[in-house]
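S.K.: following is a predicted model, sequence given first.
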There are 2 protein chains.
Amino acid sequence: MNITQHTDYALRLLMYLGACPERRVTIREVAERFEISRSHLMKVVTELVAKGFVDGVRGKGGGLMLARSPAAIGLGEVVRQMEPCLELLECFGTGSRCLLDSVCRLKGALGQALQAFLAELDRTTLADLLGHDGQLQRALGLDEPHPASGRPAIPIRTAAGRR
Amino acid sequence: MNITQHTDYALRLLMYLGACPERRVTIREVAERFEISRSHLMKVVTELVAKGFVDGVRGKGGGLMLARSPAAIGLGEVVRQMEPCLELLECFGTGSRCLLDSVCRLKGALGQALQAFLAELDRTTLADLLGHDGQLQRALGLDEPHPASGRPAIPIRTAAGRR
């Protein structure tokens, strides 16, 4: 049982943007900093923009920012919105072929466990992950001034184009 | 996020054995009833035997039975024991390459959510899944007498051989 890389990247990107509230950030910068796939991250950004977590602006001086305050972004909501499949077993979806489908109590038990998982995540917001001690900024190398305005931004057509 | 087919099959097999306490059951019978892979089910049985959930006897008249009463088999324990990987993100394991590893609060939040998931499953036992109304037996076609003792059992070398 694990969370997809898609949601993992979404959470990392949100943390990066939250740790860097004073300027817009490019996809390239985040991909390079985490050493992750830029094209995959672009797909994640598209979805985060479409779902109202991130604000994206194209062209020079553009980039990404959080669309809401970190305290208004709950982890449960991010996982619910970004995880492509929260069906713990095949029988959670439509078209189950299990012969127990109509009488099975397992689905109910697992469904309640999933709700407990998400409810626990609802107790934490992006603001809780950011902290106040600057540790996250230092780990991300964001404690030094960034020459963001001095270089052309990478257009984020994919993200902003579908808004 | 989903549970592996391995754990899915383990849970189904345990339910089948629990619904059929008066005789030993063969892997072939369960695989045919659920229309699932017999070779995959055999691997699952090997692990269920090794971990003390199932008792397997080889040869004629042999087969599988629960090694404990259904009320003593908690779903949380089954998932903890059978799920190959309960590491929600790459960083839960050793050798994480994420640069946030030492300062990240996300891992803690997800870890607590996983504990809530498992704790919720701990509240349900196999006995709860079996019920008392015979619905499960009927869905599995186990409400008719089974000619188990009249036909040779399928040897379960894989399961019993590694005990």
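M.R.: Thanks, I have the structure now.
S.K.: now the spatially most central residue of chain A: how far from chain B?
M.R.: Taking CA atoms, centre = their mean, the centroid of chain A lies closest to residue A:10, which sits 2.3 Å from it. Distance check for residue A:10 against chain B: by CB to the nearest CB, to the nearest Å, it reads 11 Å. Any C-beta I mention is one placed from the backbone N, CA and C, and that applies to glycine too.
S.K.: so that residue sits against residue A:50, correct?
M.R.: No - Residue A:10 is beyond contact range of residue A:50, at 11.9 Å (criterion: CB atoms under 8 Å).
S.K.: find the nearest non-adjacent residue to the residue nearest to the centre of chain A, please.
M.R.: Leaving out its chain neighbours, the residue that sits closest to residue A:10 by CB to CB, 6 or more residues apart in numbering or on different chains is residue A:82, at 4.6 Å.
S.K.: next: residue A:80.
M.R.: According to CB to CB, 6+ apart, the nearest residue to residue A:80 is residue A:118 (6.4 Å).
S.K.: cool, and residue A:30?
M.R.: Closest to residue A:30 by CB to CB, 6+ apart is residue A:16, at 5.2 Å.
S.K.: which secondary structure element contains the one you found?
M.R.: Per DSSP states H and E, residue A:16 falls inside helix A:5-18.
S.K.: any idea of the mean pLDDT in that helix?
M.R.: Across helix A:5-18, pLDDT averages out at 93.
S.K.: quick check: buried residues in it?
M.R.: A:7, A:8, A:9, A:10, A:11, A:12, A:13, A:14, A:15, A:16, A:17, A:18 (16 or more other CB atoms under 10 Å in any protein chain shown).
S.K.: list the helices and strands that helix packs on?
M.R.: Using 3 or more CB pairs under 8 Å, 6 or more residues apart in numbering or on different chains; DSSP states H and E, the elements in contact with helix A:5-18 are helix A:27-34, helix A:38-50, strand A:54-57, strand A:63-66, helix A:75-82, helix A:126-130.
S.K.: so how many other residues sit close to residue A:69?
M.R.: 12 (other CB atoms under 10 Å in any protein chain shown).
S.K.: who touches the closest residue to it other than its chain neighbours in this structure?
M.R.: In this structure, residue A:69 finds its nearest non-sequential neighbour in residue A:127, 7.4 Å apart by CB to CB, 6+ apart. The contact partners of residue A:127, by CB atoms under 8 Å, 6 or more residues apart in numbering or on different chains, come to A:18, A:69, A:70, A:71, A:73.
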